[in-house]
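J.: Below is the sequence, then the predicted model.
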Amino acid sequence: MILERNNFPNVRQITRELNRSGLKDQIGDFKGLITIYQLRHAGANEIGTKLENLDDEYSVNYDHNPIHHMEERMKSINSMLRKVQKKGYPLTIESIDKNIHDIAGIRVVTNYIEDIYKVEDALVRQSDVTLLKRKDYIQDPKPSGYRSLHIVVSVPVFQSNGVFDVPVEVQIRTIGMDMWASLEHKLRYKTNVPADKVAKHTTSLQKYAGELYDIESRMQKIFRDLK
């Protein structure tokens, strides 16, 4: 399948978001911020191409393709700045470059739970991909019930002035986990929903997360038995 790629924010968009945040003067090195975003976007493209190549290989050479679909996204300036402030990092280019690893991200949605680890292994075994960070929220889900595998990998990006190792976050989860996460995200950020209704649905989603995982595990066993 073709990786769904979001457009890279241009200079005008980044400037507008910085002005709205009121933090443009504090960052100072505006050109440096543009460079970070451009490099991270290039890094996501590199990882995206590797995943597309894996997708092609699975489709041509194997009876089962673990990849259902993929999406690439760039974190908005406002979202990135909120994370910097929430974490208490200095509002400098050096700090952003060092500490914020999920400016560029790719989500890989798989068919079954086992496929998550199959895709991860195939990606991180590539000679120019370095695993920097790994959080397995499948084996150890968040209190909300959220499940997904998050890895941060580094990939070399070739530019006119040299080669740069660029971090990219890759989230890998099943179709069911992705459906759950999308609904939970909508519930969390849909601000016009009454608080009592949010609390009610939050409790329900927490319960459904476990039930959904059990169902996916049983379906995986059926699939394995049919191979």
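T.: Received the coordinates, thanks. Values in this document were obtained by computation on a predicted structure and should not be read as measured data.
J.: Which stretches in the protein count as strands?
T.: Ranges of strands in the chain, per DSSP state E, are 4-5, 67-74, 104-110, 130-136, 149-159, 162-174.
J.: how far out from the middle of the chain is the third one?
T.: The chain centroid and the centroid of strand 104-110 are separated by 5 Å, computed with Cα atoms, centre = their mean, to the nearest Å.
J.: Run me through the strand neighbours of that strand, direction for each.
T.: strand 67-74 (antiparallel), strand 162-174 (parallel) (DSSP bridges).
J.: Let me know the average pLDDT across that strand.
T.: The average pLDDT for strand 104-110 rounds to 96.
J.: what do you get for the last one?
T.: The average pLDDT for strand 162-174 rounds to 97.
J.: Would you mark the buried spots in that strand?
T.: For strand 162-174, burial by neighbour count (16 or more other Cβ atoms under 10 Å) applies to 166-174. The way it works is simple: take the backbone N, C-alpha and C, and place the C-beta from them, glycine included.
J.: ok, back up a step: dump the strands of the chain to TSV, plus distance to residue 84.
T.: Output for these, formatted as TSV (distance: least, Cβ to Cβ, whole Å):
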stretch	distance to residue 84
strand 4-5	25
strand 67-74	16
strand 104-110	16
strand 130-136	17
strand 149-159	17
strand 162-174	15
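J.: Can you tell me which of these is most buried?
T.: A comparison of these by mean neighbour count, using mean count of other Cβ atoms under 10 Å, puts strand 104-110 on top with a mean of 24.
J.: pLDDT on stretch 207-222, on average?
T.: 96.
J.: List the residues that contact residue 178.
T.: By Cβ atoms under 8 Å, 6 or more residues apart in numbering, residue 178 lies in contact with 107, 109.
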